[in-house]
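1. below are the sequence and a predicted model for it; my questions follow.
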Amino acid sequence: MWGCATSSYQIEGAGREDGRVESIWDRFAATPGTIRDGSDGLVACDHYHRWPEDFDIARGMGLNAYRFSFAWPRIYTGIKGQPNQQGLDFYSRLVDGMLERGLQPWATLYHWDLPQALQDAGGWENRATIDAFLEYTDAMTRTLGDRVKHWITHNEPWCTAIIGNFEGWHAPGKTDLKAALQVAHNVLVSHGKAVPLIRANVPDAQVGMAVSLHPLRAASDSVEDKAAMERHDGLRYRWFLDPLFGRGYPEATRERFGAAAPDVAPGDMEAIAVKTDFMGVNYYFPEVIKHEAGHAPLDAKVLPTTSGEITAMGWPVSPEGFTELLTRIENDYHPGPMYVTENGSAFEDAVGPDGEIDDVQRRHYLMRHLAAMKDAIDQGAPIKGYFAWSLLDNFEWAEGYLRRFGLVHIDYATQQRRLKNSGKWYGSFLRQE
Ligand code: GBH
């Protein structure tokens, strides 16, 4: 499968239309000081109205798959009640639009836009949100299961839990380790319980999760830095993957968390370990880890990269890291079929006088990462598909509209779309020109 990926809050806009209610990202973005350019996702790429044009461009590139997410606040407006028919109708039209253009829909149920009403009741910290997620999953799979066969429960539980509830620079903006670890646990449980529900409603479904991972490097050869890297790995990688593959939480990490470790109900670990049909991996860059006493929660700090090629996000470009990560996952867990559910880069884009956008760095990033993925396949990683992040420039969370990841350029003032040279290259690659 060859596609591009997006997410609802980052592209849809239409924030107050057809019964959509407030999400935690609306609330967070409306809080001064949270988003670098003071923006929000209320209009974004206006994909809600312009999706036929966006899908025409995707078809023109020759994609055969498209990964997107549903905005939960379009479907459930409160904690209890009936799903919003207008929201269901929108996604039904959207999916039909994909299928008409030969794009296989890969739907993500949760890419971070929780209804604010659920957050007001405790959010993912509260186990009631697991039940709400299952109700929402039930509505989506019943409505679309005849046409959508590929389902991703969650996008990047680490971000939901740790950035949103411990580091605090994503919604809901909390800075509480105990809360963050409970969120991580409840999100994993919600995944585990959603998988059999999706299968019950969509018998021929392929179900998985998308996790974001970084290969790690120690800042030096010192014993301290290597130990810090191991501790960081315990949270960043194994805290999520070990339970998903039936090994429970890594003991050394749990001990370090002490009283902040999550409450686990009977049956939770079995639920989390449900076998899935594929694993989704989001890859951007390797992290360098240094020992730093007192740096919460694990006395380990991620160092910024200052040398080599660096993207506009400040992230190093490392195709080798991609090969390394994919082969490590295969060797550690043998997860079965793997899909790269996101991979991409932000660079400044200049529109040339003829309207051309010659984003040579993004094009190179894409080419080199596809070659690195091929290396991983040659080394035995069973990778079955690739989704470039992202189809469109979009609302890059805390960076607002300052960072552009798209293969398609958006002029936000006019909403004009322009295929960048990176997107043209991806198209010629897919058409095997
Ligand atoms: C993805 O997450 C998201 O799924 C997607 O929505 C987003 O647009 C895309 O990445 C691009 O950002 O900034 O140095 O503190 C990526 C996972 C996890 C990678 C947090 C960067 C923080 C490093 N990200 N990590 S830093």
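-> Done, it's in.
2. tell me how far the residue sitting nearest the centre point of the chain lies from Asp221.
-> Note on the chain: the residue nearest the mean C-alpha position is Asn155, at 3.9 Å, using CA atoms, centre = their mean. Using CB to CB, to the nearest Å, we find Asn155 at a distance of 35 Å from Asp221. No exception for glycine: its C-beta is placed from N, CA and C like everyone else's.
3. do the same with Gly406
-> 40 Å.
4. residues of the stretch 51-200 of the chain that sit close to the ligand?
-> 155-156, 159 (CB under 6 Å from any ligand atom).
5. now secondary structure too, for these, in TSV please.
-> Formatted as TSV, these follow (DSSP: H, G, I helix; E, B strand; the rest coil):
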residue	secondary structure
Asn155	strand
Glu156	coil
Cys159	helix
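6. for the closest residue to the ligand within the chain, helix, strand, or coil?
-> Among all residues of the chain, Ser212 sits closest to the ligand, at 3.9 Å; criterion: CB to the nearest ligand atom. Secondary structure for Ser212, judged by three-state DSSP, is strand.
7. tell me the bridge partners for it.
-> In this entry, Ser212 is beta-bridged to Asn282, by DSSP bridges.
8. unless I'm mixing things up, it is touching Ala161, no?
-> No - contact between Ser212 and Ala161 fails when scored by CB atoms under 8 Å: they sit 11.8 Å apart.
9. picking that back up, any chance of the residues of the stretch 51-200 of the chain next to the ligand in a markdown table, plus pLDDT?
-> Shown next, in a markdown table, are those (pLDDT from 0 to 100):
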| residue | pLDDT |
| --- | --- |
| Asn155 | 98 |
| Glu156 | 98 |
| Cys159 | 98 |
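10. tell me the buried residues in stretch 106-121?
-> Buried residues in stretch 106-121, counted by 16 or more other CB atoms under 10 Å: 106-119.
11. tell me if Gly355 really is in a strand.
-> No - remark: Gly355 does not belong to a strand; assigned using three-state DSSP, it is coil.
12. can you pull the contacts of it?
-> Contact analysis of Gly355 by CB atoms under 8 Å, 6 or more residues apart in numbering lists Arg418.
13. can you give me phi and psi for it?
-> phi 90, psi 0 (degrees, to the nearest 10).
14. compare Ser212 and Ala161 and say which is more crowded by neighbours.
-> With neighbours defined as other CB atoms under 10 Å, Ser212 and Ala161 compare such that Ala161 has more, 27 against 18.
15. just say helix, strand or coil for that one.
-> The three-state assignment at Ala161 reads helix, by three-state DSSP.
16. that one and Leu188 touch, don't they?
-> No - judged on CB under 8 Å, Ala161 makes no contact with Leu188 at a distance of 9.1 Å.
17. quick one: stretch 4-16 near the ligand?
-> Yes - Stretch 4-16 comes into contact with the ligand (CB under 6 Å from any ligand atom), by way of 7, 10.
18. buried stuff in that stretch?
-> Buried residues in stretch 4-16 (16+ other CB under 10 Å): 4-15.
19. over to stretch 192-208?
-> In stretch 192-208, counting by 16+ other CB under 10 Å, buried: 192-195, 197-199, 201-202, 205-208.
20. state the mean pLDDT of stretch 7-25.
-> When pLDDT is averaged along stretch 7-25, the result is 98.
21. likewise stretch 51-65?
-> For stretch 51-65, mean pLDDT rounds to 98.
22. buried set for it?
-> Buried residues in stretch 51-65 (16+ other CB under 10 Å): 51, 54-55, 57-59, 61-63, 65.
23. narrow those to those in helices?
-> Among the buried residues of stretch 51-65, the residues falling in helices (DSSP state H) are 51, 54-55, 57-59, 61.
24. what residues does the residue of the chain closest to the ligand make contact with?
-> Contacts of Ser212 (CB under 8 Å, 6+ apart): 156, 158-159, 281-284, 342.
25. would you convert the buried residues of stretch 51-65 into a markdown table that also reports distance to Ile377?
-> Below are the buried residues of stretch 51-65 laid out as a markdown table (distance: CB to CB, whole Å):
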| residue | distance to Ile377 |
| --- | --- |
| Trp51 | 32 |
| Asp54 | 30 |
| Phe55 | 29 |
| Ile57 | 28 |
| Ala58 | 24 |
| Arg59 | 26 |
| Met61 | 22 |
| Gly62 | 20 |
| Leu63 | 20 |
| Ala65 | 17 |
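26. determine which two of the residues you listed are furthest apart.
-> Farthest pair in the buried residues of stretch 51-65 (CB to CB) is Trp51 and Gly62. Separation: 18.4 Å.
27. the helix or strand encompassing Ala139: how far from the chain's middle?
-> Ala139 belongs to helix 128-144 when assigned by DSSP states H and E. Distance of helix 128-144 from its chain centroid, counting by CA atoms, centre = their mean, to the nearest Å, is 19 Å.
28. which of the residues in it are buried?
-> So for helix 128-144, counting by 16+ other CB under 10 Å, buried means 129-130, 132-133, 135-141, 143-144.
29. save these as CSV, and put in pLDDT and distance to Leu391 too.
-> Below are the buried residues of helix 128-144 laid out as CSV (pLDDT from 0 to 100; distance: CB to CB, whole Å):
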residue, pLDDT, distance to Leu391
Thr129, 97, 29
Ile130, 98, 31
Ala132, 97, 29
Phe133, 97, 26
Glu135, 97, 29
Tyr136, 97, 24
Thr137, 98, 24
Asp138, 98, 28
Ala139, 98, 26
Met140, 98, 21
Thr141, 98, 24
Thr143, 98, 23
Leu144, 99, 20
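30. verify the stated contact: Lys174 with Ala180.
-> Yes - Lys174 sits in contact with Ala180 when judged by CB under 8 Å, with a separation of 7.3 Å.
31. so between the two, which is more surrounded?
-> Shown here are Lys174 and Ala180; by other CB under 10 Å, Ala180 has more neighbours (27 against 18).
32. quick revisit: now for Lys174 and Ala180: what residues contact both?
-> Contacts common to Lys174 and Ala180, judged by CB under 8 Å, 6+ apart, are 164-166.
33. quick one, which of those residues are buried?
-> Buried positions within these, assessed by neighbour count (16+ other CB under 10 Å), are 164-166.
34. ok, of those residues, which one's closest to Val43?
-> Gly164 (23.1 Å).
35. chain neighbours aside, what residue packs nearest to that closest one?
-> His170 (4.5 Å; CB to CB, 6 or more residues apart in numbering).
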